[in-house]
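Asks: mind folding the following:
(chains A, B and C)
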Amino acid sequence: MADTYVLVHGAWHTGAELEPVARELRAAGHTVLCPTLAGNRPDDDRARIGLADAVTSLVDFVEAEDLKQVRLVGHSYGGMVISGAAARLLPRLARMVYVNAFVPLPGECLNDIVPPHYKGLFDAVAADNGNAVMLPFEIWRDAFINDADLELAQAAYAKLNPHPYGTFTEPIALEHPLAALTVGKSYLNCVLDTALPASLPWHPRLSERLGLFRYVECVGSHEAWFTQPVALAGAIIEAGRD
Amino acid sequence: MADTYVLVHGAWHTGAELEPVARELRAAGHTVLCPTLAGNRPDDDRARIGLADAVTSLVDFVEAEDLKQVRLVGHSYGGMVISGAAARLLPRLARMVYVNAFVPLPGECLNDIVPPHYKGLFDAVAADNGNAVMLPFEIWRDAFINDADLELAQAAYAKLNPHPYGTFTEPIALEHPLAALTVGKSYLNCVLDTALPASLPWHPRLSERLGLFRYVECVGSHEAWFTQPVALAGAIIEAGRD
Amino acid sequence: MADTYVLVHGAWHTGAELEPVARELRAAGHTVLCPTLAGNRPDDDRARIGLADAVTSLVDFVEAEDLKQVRLVGHSYGGMVISGAAARLLPRLARMVYVNAFVPLPGECLNDIVPPHYKGLFDAVAADNGNAVMLPFEIWRDAFINDADLELAQAAYAKLNPHPYGTFTEPIALEHPLAALTVGKSYLNCVLDTALPASLPWHPRLSERLGLFRYVECVGSHEAWFTQPVALAGAIIEAGRD
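Replies: You can find the predicted model right below:
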C-alpha cells in the first residue's frame, strides 16, 4: 500500500533533518514530503513569525502540492502546527500522527504546555537574541539526544537553527479540541524521550487529548530522527497505516 | 520442566483464539488447555449468563480434567474468572498469572474497574442486543489491536462473539482480597496495551492488588494473542514458572 | 575512548557480583574497579557499621587508587554511597551514574525513601539478627530477580551477605542536593525492576532529584547484574560516556 506522508519538523529543525527517516519510508514504497515551515527557513524574519504563519505555510504547501489522503506527521513543536492545520486540510487527510508532539487545547500556546523552567529559560534567551531561541547544548545532549554518543550529539546540534519565539507564545486558533476531529489519530512515543520531564510527559498527558487514538512506541530519544531512523520509520508506518 | 497451563480467554473471545500461544507453550514441553467459558459458547444464552456461571464453568473444567499444579492464566475479563475460581481451586494451583487482566476487590464487578465511558457504551449496546455486548470496530482497531495491520485487525475481529453483559455487571464472590491468596502470583503486562486508558491502567493500578507479585513485560497490544504469539508464550513461561 | 569506571554494589552484595558486567566493560576497552564497601566484607562488624563508614571506604578506595576522570556507578543502596562520596571526590569525577539507585535529599536515610512495609520488615529482621538484615527469598525471587529462572534466582541468592542495618538508618551527610552537583549525571532504569513498587518508583521519583540528567533504559530486573550482564554493560556505557 503506497501512502502519502508529510513529515513536519520540530523547533530548531528543518525538513532536511527528517530526510533519513523519509528515505526509509520511501524505500517501503511511500510518497514522503518534508517541508520546512515558515520561521525555520534561512531568510525568515525570526523576530516576527508566529504560530499562525507556520500553520499557514503548511496548509499552503499541502494545497500547492495538491496532496490527497495525507498522513500528516508532526514532531514535537510540529504537533502544534499539524493541529492548527488539521481543520483546514480535513478533506485531504487520511490520518494524524503525533511523534512526541504537542497536542494543544483550543487557545493554548506551546509555552502553556511546557514546564515553567523551560519558559523561564526561553524568555531569557529570546530577550537577548531578537526573539529567537536556541537550546543550550548541555540540555540538548542529556535531555534531548540522550541516546547518542557525543560525536552524533554535536553533529546534530550543528544542524539546528534559531527558532522564532513567537511560535511558542502565540495561542493556537482551534475551533474544537483535537478529540473532536473526525479523522484517525495516532500517538507515537519514543520511550527514551526526556525532553519533557516525566512529571509533565508527552504520553499520556498529551496523547489522551486526542480522544480515541492508536498508541505506538519506538526506541530512542526525542531526537530518534538522528539516532534511530530505521526504527522510527517502522513505527511511523505502524502509526500511519489504516 | 513440564508444567500445566490453563489459559482463560477474555470477553468476546473463546479458547480457540488462544491456540496460537498454546501451541508455542506445548512446543516448549508444557501441557496446555484452553477452555471456553460459559457465556461464550455458540449456544449459550447470553441474556442470562453471569459472572458466577463463568467462574463455575472454569472450576468444573479443571476438576473434570483432574488437573494438578495448574498455572492458571487469565486474560483481560479472564482475570475476573480466575480470581473467582482461585479459592475453590486452591489445592490444584501452582500459580496465578494475570495477562493485562482485571484483578477485582471483593464485591466489585468488571464495570466498577473500567472507565465510565466504556460502561456508558456497553449499557447502550447491551440494551439494544438482548444483554449481549460487542465492541465497535474502530475501538477494537485503534485501542485493542493497535499493533496489527488492518487485515489482521479485521480477521481477528471476525472471530469475536457477542459477550454476555451479566458477566460485567455481576459482582464477584470473593471472601478475601487476592493479595491474601496463598499461591504465587504474576502480572504480565503487554506494553502497548491501551484497552484501558493510561489514567486507569492495568499496571500498576490492578497488579498491585495482588500483594507480592512477579512482574513480567511483553511486546504487543491487548491482543498480543493475535499479533505476538511467540513473544507472549515466552512471557507466559517467565510469568508462570516457579 | 577508554574510560575509568568504579562500580558500587548494592545492599547484600559485594563487588564480586558485579564482575560479569565489569568484564563486559573491560572488553569494550574501559578500566573497571569493583570495590566492596565497608559493611559487606567478610569480617566487618555489621552491628556497628553505618552509612558514613561505607561512604568513607569508597572515598578512601578511589583516593588510594589515585583514580581520575571517574565514572562513578552506584546500584540501589550504592546510590546512597556514591551520593555521599560525590562532593569529596568531585575533582576526580567525570560523571555520576545511578542504576536503579537511591538518590537521597540532604539528611535522608535509605529507610526514608523505601515503602513503609520494607522498613517494618527490616526492623523486625535486624532486631533478631544483631542489626544485620537479610531479604526473604520469596521477595528476592518475585520482586528483585523476577526475570530469572528459579535456578539462577537461588544461585544468586546464595551469594548475598547479611547487610549492616546502620547503613539504612543513618542519615546521609550532604551539604547540597545532588541536583546542585556540578558534574554530569545519568539515571539508568532497568524496566522490569519492581524492587520498589510502582507507586514509589525509582524513576522518575528519584531520578528527577538529579536536576538535569541523562535517562537510559535497560532490559531486566533489579538484579540485571545477574540476569542481563551484556545488556547492562551496554547501557552503562550509554549512561557513562561523555
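
Asks: relative to residue C:208, how far out is the residue in chain A that chain C sits nearest to?
Replies: Nearest residue of chain A to chain C (CB to the nearest CB) works out as residue A:198 at 3.3 Å. C-beta coordinates here come from the backbone N, C-alpha and C atoms, glycine included. Relative to residue C:208, residue A:198 is positioned 7 Å away (CB to CB, to the nearest Å).

Asks: which residues of chain A fall in helices?
Replies: Ranges of helices in chain A, per DSSP state H, are A:19-27, A:51-64, A:78-89, A:116-128, A:137-139, A:150-157, A:166-169, A:224-227, A:229-240.

Asks: what's around residue A:230, how many residues?
Replies: 12 (other CB atoms under 10 Å in any protein chain shown).

Asks: and the one 4 residues further on, by the same measure?
Replies: A count of nearby residues for residue A:234, using other CB under 10 Å, gives 17.

Asks: wait, what's in contact with residue A:63?
Replies: Contacts for residue A:63 (CB atoms under 8 Å, 6 or more residues apart in numbering or on different chains) come out as A:89, A:92.

Asks: one more: residue A:161?
Replies: Taking CB under 8 Å, 6+ apart, we find residue A:161 in contact with A:12, A:13, A:14, A:40, A:42.

Asks: go with 6 Å
Replies: By CB atoms under 6 Å, 6 or more residues apart in numbering or on different chains, residue A:161 lies in contact with residue A:40.

Asks: sorry, back to before: now render the helices of chain A as TSV, adding distance to residue A:181 and mean pLDDT.
Replies: Below are the helices of chain A laid out as TSV (distance: least, CB to CB, whole Å; pLDDT from 0 to 100):
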stretch	distance to residue A:181	mean pLDDT
helix A:19-27	23	98
helix A:51-64	15	98
helix A:78-89	6	98
helix A:116-128	27	94
helix A:137-139	32	97
helix A:150-157	32	98
helix A:166-169	21	98
helix A:224-227	25	98
helix A:229-240	16	98
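
Asks: just name the most buried of those helices.
Replies: Mean neighbours per residue, mean count of other CB atoms under 10 Å in any protein chain shown, is largest over the helices of chain A for helix A:224-227, with a mean of 25.

Asks: do it and chain C come into contact?
Replies: No: Helix A:224-227 does not reach chain C (CB under 6 Å from any CB of the partner chain); its nearest approach is 10.7 Å.

Asks: what sits up against that helix?
Replies: A:18, A:21, A:147, A:148, A:156, A:190, A:220, A:232.

Asks: can you pick out the most distant pair from those residues?
Replies: Across the contacts of helix A:224-227, no pair lies farther apart than A:18 and A:147, at 17.5 Å, counting by CB to CB.

Asks: tell me which of these two has more neighbours.
Replies: Higher neighbour count among residue A:18 and residue A:147: residue A:18, with 27 against 24, using other CB under 10 Å.

Asks: ok, now which ones touch that one?
Replies: A:7, A:9, A:34, A:225.

Asks: what sits against the nearest residue to the third one once chain neighbours are set aside?
Replies: It refers to residue A:34. Computed as CB to CB, 6 or more residues apart in numbering or on different chains, the closest residue to residue A:34 that is not its neighbour in sequence is residue A:15, at 3.4 Å. Applying CB under 6 Å, 6+ apart, we find residue A:15 in contact with A:9, A:34, A:35, A:36.

Asks: out of these, who has the most neighbours?
Replies: The member of the contacts of residue A:15 that has the most neighbours, counting by other CB under 10 Å, is residue A:9 with 24 neighbours.

Asks: check what pLDDT that one gets.
Replies: Listed pLDDT for residue A:9 reads 98.

Asks: just to revisit the earlier point, distance of the residue nearest to residue A:34 relative to residue A:7?
Replies: From residue A:15 to residue A:7 the distance is 7 Å (CB to CB).

Asks: shared neighbours, those two?
Replies: Listed as contacting both residue A:15 and residue A:7 by CB under 6 Å, 6+ apart are residue A:34.

Asks: tally of neighbours for the residue in chain A positioned nearest to chain B?
Replies: Going by CB to the nearest CB, chain B is nearest to residue A:204 of chain A, at 3.3 Å. Other residues near residue A:204 number 17, with proximity taken as other CB under 10 Å.

Asks: repeat for the one 10 residues further on
Replies: By the other CB under 10 Å criterion, the neighbourhood of residue A:214 contains 26 residues.

Asks: wait, doesn't it sit right on residue B:142?
Replies: Yes: the criterion here is CB atoms under 6 Å, and residue A:214 meets it with residue B:142 at 4.1 Å.

Asks: and residue A:157, what does it touch?
Replies: By CB under 6 Å, 6+ apart, the contact set of residue A:157 is A:137, A:140.

Asks: what about residue A:111, how many neighbours?
Replies: By other CB under 10 Å, neighbour count at residue A:111 equals 17.

Asks: does the residue of chain A closest to chain C really touch residue C:206, like I thought?
Replies: No: with contacts counted by CB under 6 Å, residue A:198 stays clear of residue C:206, the gap being 11.0 Å.

Asks: which of those two has more neighbours?
Replies: residue C:206 (23 against 15).

Asks: which non-adjacent residue is nearest that one?
Replies: That would be residue C:103: by CB to CB, 6+ apart, it lies 4.4 Å from residue C:206.

Asks: ok, back up a step: farthest pair within the contacts of residue A:18?
Replies: Maximum distance among the contacts of residue A:18 (CB to CB): 10.4 Å, for A:34 and A:225.

Asks: gap between the nearest residue to residue A:193 once chain neighbours are set aside and residue A:195?
Replies: Nearest non-adjacent residue to residue A:193, counting by CB to CB, 6+ apart: residue A:222, 4.4 Å away. Distance, residue A:222 to residue A:195, using CB to CB: 4 Å.

Asks: what do these two both touch?
Replies: Overlap between the contact sets of residue A:222 and residue A:195, as judged by CB under 6 Å, 6+ apart, is given by residue A:144.

Asks: with neighbour numbers in mind, choose between the two.
Replies: When neighbours are counted by other CB under 10 Å, residue A:222 and residue A:195 differ, and residue A:222 comes out ahead with 25 against 21.

Asks: in this structure that one contacts residue A:192, no?
Replies: No: counting by CB under 6 Å, residue A:192 is not a contact partner of residue A:222; they are 8.1 Å apart.

Asks: and chain A, which residues reach chain B?
Replies: So chain A meets chain B at A:204, A:212, A:214, A:215, A:242 (CB under 6 Å from any CB).
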